[in-house]
Each structure stands twice: as C-alpha cells, then as structure tokens.
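Trainee: this one's structure only:
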C-alpha cells in the first residue's frame with residue numbers, strides 16, 4: 001500500500017497536458033539572486049546547493065558560482081532534478097507539463113519514475129513542437145495564475161538537450177532525475193538511487209538539487225545529500241581527526257546536537273510517533289539529533305540555514321494554521337501534515353541507517369589495504385571518501401526494520417487535532433441546553449465564548465485568534481443542540497442549505513424554525 005496520504009493526480013497523456021511556465025513574478029524568495037537560477041543557495045558547511053528550475057543561462061551561472069575559482073570546471077558535479085513533471089525549454093526559459101486541473105496548484109503526480117519522466121519529456125517536446133506548428137510558430141501556455149500566454153518560439157529544446165549543451169563547458173556534470181512527491185518522504189528506493197549516484201564521489205564534489213522553485217522537494221534532496229556527506233566525513237576522517245592535537249571531536253559530531261529547549265515540543269519534532277521511533281531505533285536519539293541538525297542547516301536563517309523551508313518546524317506551523325481553517329481546508333491540511341510527519345520520520349530513520357553504514361565502512365577495509373589507510377598512532381582507518389563502500393541498501397535496512405513502516409503508517413495521524421473543551425465547561429453548557437435551550441440561549445453563547453477565551457488564551461490577539469474562537473463556538477453549539485434541532489440543522493448542512501457557522505445555526509434555531517431540509 002502507498003504510505004502517502006495525499007491522493008495523487010495522475011500526470012496522464014502528454015496530449016492532454018497543459019504547458020505551464022516554471023518562472024513567475026516573485027519566484028525569488030532569497031537575497032543575493034543568481035540570474036536565471038531561482039533561490040540558489042549553499043547549505044552552510046557542505047558543498048551542497050539548492051535551487052529552482054534554471055533557465056539555460058541559469059544553469060551556466062549556477063555552475064560557474066559552484067566552481068568559483070578553485071573547483072575545476074571539468075571536475076565531477078552531481079545535479080539531482082527531483083521534479084515529477086517533464087520540462088522543455090522555449091527560448092531558453094523552462095516550461096513544464098501539468099494536468100490541466102493542476103495549474104499553479106499543489107500537485108502530487110503519483111509514482112513517476114525516472115524512466116517515465118524521461119519518456120514524458122520526449123513526448124512533451126513532440127507535443128509542443130506539434131502545437132507550435134499548428135499555431136503559426138506560437139506556443140500557447142499559462143502562468144501559475146492561469147493567465148494565458150502565447151509565446152513566439154525561436155528555440156525549443158528538451159531538458160536533456162539543454163543538459164548536453166551545458167556539458168560542453170562542464171563535462172564532469174552528471175544530471176540525474178529522481179522524481180519525488182512534495183509532502184511525503186521519497187520512496188525507500190529513491191534514497192538508494194541518490195546514494196548510488198553519490199558513492200565514489202569525493203567529499204568536495206559539489207551536489208546541486210533542484211525542483212521548480214527550490215522549496216520542499218529540493219530541500220528534502222539536500223538533506224539526504226548532506227547526510228551522505230556526513231557518512232563520508234564520519235567514515236573517512238574520524239581516525240584522522242583523532243590524531244590532530246587540540247581538536248574537540250565532539251564539536252564535529254551532529255549526534256550531540258541540542259535544540260533550544262524553550263521551543264514548543266512540536267517545533268522540536270517531538271511528535272508521539274517520533275518519540276516511539278527514537279525509543280525503537282538503534283541509537284534513535286543520536287539519529288534524531290543528526291537529522292535535526294541537518295534539517296536546521298537546510299532551513300531558514302532562524303535555525304542556522306540559508307533556505308526557505310524548515311521541514312520540521314513547518315509541520316508545527318501547519319498544525320497551528322489547522323485550527324483556524326474551514327472543514328474543506330482542514331481535510332487537505334490534515335493529510336499534508338500527516339505526509340510531512342512521515343517524511344520527517346523517514347529522514348530520522350535514514351540518519352540512523354547512515355550512522356550504521358559509516359561505522360560498518362570504517363571496519364570494512366579489506367585486510368590487504370588496511371595497512372595503507374591505518375594510522376600508526378591509533379590503528380584507526382582514514383579511508384579516502386571516494387573509496388568508501390556501502391554494504392547494505394536503505395531498502396534492505398528497512399526490510400530488517402520492517403516494524404518501522406507499520407509504526408509510521410499508524411502513528412502519523414496521532415496528533416491532537418482539536419482542543420479539548422474542559423469537562424466542567426461542557427457539562428455546564430449541556431445542562432443549560434437540556435433545561436431550556438431557547439430561554440438560556442443568551443447565556444449559552446456567553447459561556448461558550450468565555451470558555452473559548454480561556455482555551456485559546458495562548459494564541460496572540462488578532463484575526464487568527466478570532467477565527468479559532470468562532471470555529472470553536474460554531475462546533476460547540478452544534479454539539480450541544482437538543483436532538484430535534486440537531487437533526488434539522490445536520491440535514492440542512494448536508495444539503496448545503498446552510499454551513500457549520502455559528503450565526504447560521506443560531507438563525508435556524510430561532511427565526512428559521514420551520515425551514516426544513
């Protein structure tokens with residue numbers, strides 16, 4: 001079964017796909033832009049970079065910045081594209097295929113593999129060529145706001161053709177597609193594809209990860225790449241660093257990472273299912289510390305990063321927003337929060353796997369090579385990063401720890417979605433309603449709001465708080481309605497004659513009597 005919550009929209013046949021421009025006004029969210037490469041940034045402490053989909057000129061600008069004046073332009077550079085949707089380039093600008101109903105919207109496109117993405121790209125290029133020819137050399141497209149565009153096509157290339165052109169100046173570039181979804185974790189096999197691509201690279205080999213804008217998917221890929229770099233550092237240098245006088249090894253270890261204890265528990269990622277994982281996984285607390293440190297470095301400046309998305313704290317922020325949304329928006333956000341928790345859970349598990357592999361790699365040097373890499377003082381090995389091996393795939397690790405899959409499937413929704421009304425307050429309201437609902441209605445509304453004032457006392461003043469209290473009042477009034485009124489109101493809500501709204505319910509209970517569903 002698919003562990004992800006959000007129902008995917010299948011990409012479908014390219015013949016029906018809409019052309020959507022990747023770029024848009026205000027796509028750049030960060031300072032110091034690299035022309036043509038949206039939201040390009042480096043993860044502090046790592047040669048790992050994150051960005052949105054570049055223009056043709058943007059590829060060269062980003063790679064030139066990555067190489068600087070020290071790294072050779074013909075040296076190996078790994079570039080991961082994490083998008084599910086295929087791209088073509090019209091006059092040097094990227095345009096992607098989208099299901100017509102998912103323009104500028106959040107879209108999960110199902111189980112798109114690298115082969116499907118490559119095949120879709122070839123088909124999409126042919127479609128664009130055909131549409132352009134049928135329209136006098138102009139291609140019809142839309143921007144993310146669904147505004148119609150008509151572009152006079154001077155040059156049309158697939159992403160693959162663009163990359164081949166980029167390789168003329170950067171022949172060591174490896175561009176690899178790993179299509180992943182937005183909200184949930186990459187599939188277990190996707191983690192292995194990323195590792196397989198990175199095995200054999202040096203610690204200073206640059207890794208670049210992109211999606212459309214440089215948000216969730218790219219940030220997730222960068223976290224995985226940084227955890228792999230940590231594997232290289234841990235397995236290669238631990239023995240070497242121990243020989244350097246005055247170096248405090250604990251400063252280099254992210255498993256001792258301590259978050260600000262003043263932070264709310266949800267912002268610290270202390271969800272029930274994560275606490276259970278930490279207790280179950282070998283060295284679970286260290287794995288969580290490891291993942292949290294890397295997530296923070298890939299996050300916003302307030303957690304030490306240079307990015308836009310804070311994958312852990314974003315869950316807590318979404319949970320706070322949940323309380324003020326209407327039911328339809330809540331249903332969507334709930335699935336998104338559960339998917340985000342599943343992703344966070346998997347990143348901790350992956351950190352645990354990487355830690356295990358680093359320890360194994362240090363011991364896995366063949367006997368005849370051990371003398372060459374062993375340090376005389378300690379006998380510990382300092383293995384060149386490019387020679388490191390991984391003895392077990394992440395999929396195999398998950399098979400050995402299969403209970404973790406069940407744990408996250410059942411535990412990701414284990415959050416308190418609604419605030420509990422204090423039992424004494426509820427009993428008081430139920431008593432007033434049972435005694436004389438119409439006669440006590442003024443007091444009932446007063447007492448509901450009095451209770452809400454106390455319950456939402458932790459929220460700052462403003463529209464969010466007002467809305468949360470109003471939703472609570474609407475739901476609580478509905479909860480305590482006498483049975484005859486409740487049946488009437490429920491029927492009207494079901495028929496969409498009214499909504500679950502305090503004033504509409506009050507209206508039906510007073511002057512609306514007799515209006516039947």
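Mentor: Nice, I can see it. Given the structure is predicted, the values throughout are model-derived calculations rather than measurements. Numbers count the residues shown, from 1 in each chain.
Trainee: Most distant residue from the centre of this protein?
Mentor: residue 439 (51.4 Å; CA atoms, centre = their mean).
Trainee: Could you confirm that residue falls within a helix?
Mentor: No: remark: residue 439 does not belong to a helix; assigned using DSSP: H, G, I helix; E, B strand; the rest coil, it is coil.
Trainee: Secondary structure element holding residue 149?
Mentor: strand 148-152 (DSSP states H and E).
Trainee: which strands and helices sit next to that strand?
Mentor: strand 138-142 (3 or more CB pairs under 8 Å, 6 or more residues apart in numbering; DSSP states H and E). The way it works is simple: take the backbone N, C-alpha and C, and place the C-beta from them, glycine included.
Trainee: Please state the offset of the strand it packs on from the chain centre?
Mentor: Between the centre of strand 138-142 and the centre of its chain there are 30 Å (CA atoms, centre = their mean, to the nearest Å).
Trainee: quick one: it to strand 148-152, angle?
Mentor: Relative orientation of strand 138-142 versus strand 148-152 (axes from the mean of the first three to the mean of the last three CA atoms, to 10 degrees): 150 degrees.
Trainee: Residue 179 and residue 84, how far apart?
Mentor: 4 Å (CB to CB, to the nearest Å).
Trainee: shared neighbours, these two?
Mentor: 109, 112, 117 (CB atoms under 8 Å, 6 or more residues apart in numbering).
Trainee: pLDDT of the strand holding residue 149, averaged?
Mentor: Averaging pLDDT along strand 148-152 yields 97.
Trainee: what does stretch 64-84 give?
Mentor: 96.
Trainee: Give the buried residues for that stretch.
Mentor: 66-67, 71, 76-84 (16 or more other CB atoms under 10 Å).
Trainee: The helix or strand of the chain with the lowest mean pLDDT: what's the following helix or strand?
Mentor: Of all helical and strand segments in the chain, the minimum by mean pLDDT, DSSP states H and E falls on helix 249-252, at a mean of 48. Note on helix 249-252: by DSSP H and E, the next helix or strand toward the C-terminus is helix 272-280.
Trainee: for that next one, packing partners?
Mentor: Under the contact rule (3+ CB pairs under 8 Å, 6+ apart), helix 272-280 is packed against helix 284-297, helix 327-363, helix 403-411.
Trainee: Tell me which residues of the second one come out buried.
Mentor: The one in question is helix 327-363. For helix 327-363, a neighbour-count test (16+ other CB under 10 Å) marks 330, 334-358, 361-362 as buried.
Trainee: how about the residue positioned nearest the centre of the chain, what does it touch?
Mentor: Nearest residue to the geometric centre of the chain (CA atoms, centre = their mean): residue 216, 3.8 Å. Listed by CB under 8 Å, 6+ apart, the contact set of residue 216 reads 182-183, 309, 311.
Trainee: Of the shared contacts of residue 179 and residue 84 - the most surrounded one?
Mentor: In terms of neighbours by other CB atoms under 10 Å, those top out with residue 109 at 23 neighbours.
Trainee: doesn't residue 83 make contact with it?
Mentor: No: counting by CB atoms under 8 Å, residue 83 is not a contact partner of residue 109; they are 9.3 Å apart.
Trainee: Quick check: neighbours shared by those two?
Mentor: residue 179.
Trainee: Nearest to residue 197 among the buried residues of stretch 64-84?
Mentor: Set against residue 197, the nearest of the buried residues of stretch 64-84 by CB to CB is residue 78 (6.1 Å).
Trainee: Mind checking what secondary structure the closest one has?
Mentor: strand.
Trainee: now swap in residue 183 and tell me
Mentor: coil.
Trainee: Any idea how many residues pack against it?
Mentor: 21.
Trainee: Also residue 501?
Mentor: Other residues within reach of residue 501, judged by other CB under 10 Å, total 17.
Trainee: what residues are up against it?
Mentor: By CB under 8 Å, 6+ apart, the contact set of residue 501 is residue 474.
Trainee: For it, give me the pLDDT.
Mentor: 89.
Trainee: In which helix or strand does residue 465 reside?
Mentor: Using DSSP H and E, residue 465 falls in helix 463-480.
Trainee: What are the buried residues along that helix?
Mentor: Across helix 463-480, burial judged by 16+ other CB under 10 Å covers 465, 468-478, 480.
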